[in-house]
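Peer 1: Give me the fold of what follows.
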Amino acid sequence: MKKLFFLLCMACSLCHAQSVKIDISKATPADISSESMLNNIQKITVDIPDNVKSKYYRVWLTKDKNKLVIDDLWKRIWIFDIKKKNLKEVEIKGLERNELSYNFDDKSAAPLQGGLNSAFDANKNLFIIDFRTYWMGVDVKSGEIAKRIQKPKEFQERLSSCQAIDATHYVSYVNSSSKDKTASFIIFNEEGEILYEKEVECNLTIGTDQPYFPGDFYEYNSDYYCHAPYDGTTVYRVDSTELVSCMEFVAGEKPQPVNRVFETDYYVYFCFYDKDKQFCLGRYDKQNKTTCLNQVRDLHNHSSLPKAYENRAVSYRQDGNRLHILIGDMK
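Peer 2: Reported below is the predicted structural model:
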């Protein structure tokens, strides 16, 4: 029993010790998909109204795990009640669209390059929308604007989405700039005051001065983690108002870029593109310290990393206006 307790403690504290290196060059082949990552899978089909013409939807799970939040690059937001199987559009009240970072009427603009970042804060049931100088939090139950988060003035044009780490503090990724060749994470308060800044390595050849690549954040065991996006090789744990390196991806002696990371009690899941530009899913076993990879060639078959709140996760694929959704417990 003592040995089992010790192993569980080791597994649950991967990112509280010294930085762990995950060597992808030693990985073995495996069959990894969203289905293989989940237990107690529930399959749901959601039909978006036919009058909505969108090519891109996103899905989140609420904290009570009874509802889904769906948006189409936030032009519309819906709530799907899992038990009642009811889809209801959220009517956003008091929103000035002309202050948005992205102009929907500019057909030549690329949304993900022009500042269209949004996210769902499951802890507070807030849909966070990106404006030029601040983020706006919309209560998905009432449609009311419930929170305004001021962007730090120094980086207003370069910030990605933000992650709340407590009631009044946030962490965000500052995109790279061709002027100073830097990228960093910052921790700041609701008034936009920067409390901490950490420069990070990333691929500075991607994008422009305002690429607005989203940050990659996750919550695990009541701690928050930041993975440097777009070819980032390091994961940082938020320690009060500091960031501490806790996980590094390598391939032999070289750093290994990865796109997304997520952690559970037993595994670290990650994804990246290999030298042949094929999308790969990986899994690191925290107890056995082994890594396995699955090269995914069908991206339409629930093959991306699920979005997770604690250990409850949602995965989805889109077929026109029909969303095929999986909900389950992360292994």
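
Peer 1: rest of the way, CA atoms for contacts and neighbours
Peer 2: Will do.

Peer 1: Distance of Thr45 relative to Val174?
Peer 2: Distance, Thr45 to Val174, by Cα to Cα, to the nearest Å: 36 Å.

Peer 1: And for Arg76?
Peer 2: 27 Å.

Peer 1: what's the distance between stretch 133-141 and the middle of its chain?
Peer 2: 17 Å (Cα atoms, centre = their mean, to the nearest Å).

Peer 1: So for that stretch, mean pLDDT?
Peer 2: For stretch 133-141, mean pLDDT is 87.

Peer 1: hey, C-alpha coordinates of it in PDB?
Peer 2: Provided in PDB are the C-alpha atoms of stretch 133-141 (Å, rounded to 0.1, in the frame of the first residue of the first chain):
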ATOM      1  CA  THR A 133      -7.600  47.100 -25.700                       C
ATOM      2  CA  TYR A 134      -9.400  44.700 -23.400                       C
ATOM      3  CA  TRP A 135     -11.100  41.300 -23.100                       C
ATOM      4  CA  MET A 136     -14.800  41.200 -22.400                       C
ATOM      5  CA  GLY A 137     -16.400  38.400 -20.300                       C
ATOM      6  CA  VAL A 138     -20.000  37.500 -21.300                       C
ATOM      7  CA  ASP A 139     -22.100  35.400 -18.900                       C
ATOM      8  CA  VAL A 140     -23.300  32.500 -21.100                       C
ATOM      9  CA  LYS A 141     -26.400  32.100 -18.900                       C
END
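
Peer 1: And it, what's buried?
Peer 2: Buried residues in stretch 133-141, counted by 16 or more other Cα atoms under 10 Å: Thr133, Tyr134, Trp135, Met136, Gly137, Val138, Asp139, Val140.

Peer 1: neighbouring contacts of it?
Peer 2: If you take Cα atoms under 8 Å, 6 or more residues apart in numbering as the criterion, stretch 133-141 is touched by 79, 90, 92, 125-130, 144-151, 153, 156.

Peer 1: Out of those residues, which sit inside strands?
Peer 2: Ile79, Leu126, Phe127, Ile128, Ile129, Asp130, Ile145, Ala146, Lys147, Arg148, Ile149, Gln150 (DSSP state E).

Peer 1: Can you flag the buried ones in the contacts of stretch 133-141?
Peer 2: For the contacts of stretch 133-141, buried by 16+ other Cα under 10 Å: 79, 90, 125-130, 144-145, 149-151, 156.

Peer 1: Just flag the most distant two among those.
Peer 2: Maximum pairwise distance among the buried ones among the contacts of stretch 133-141 (Cα to Cα): 30.2 Å, between Ile79 and Gln156.
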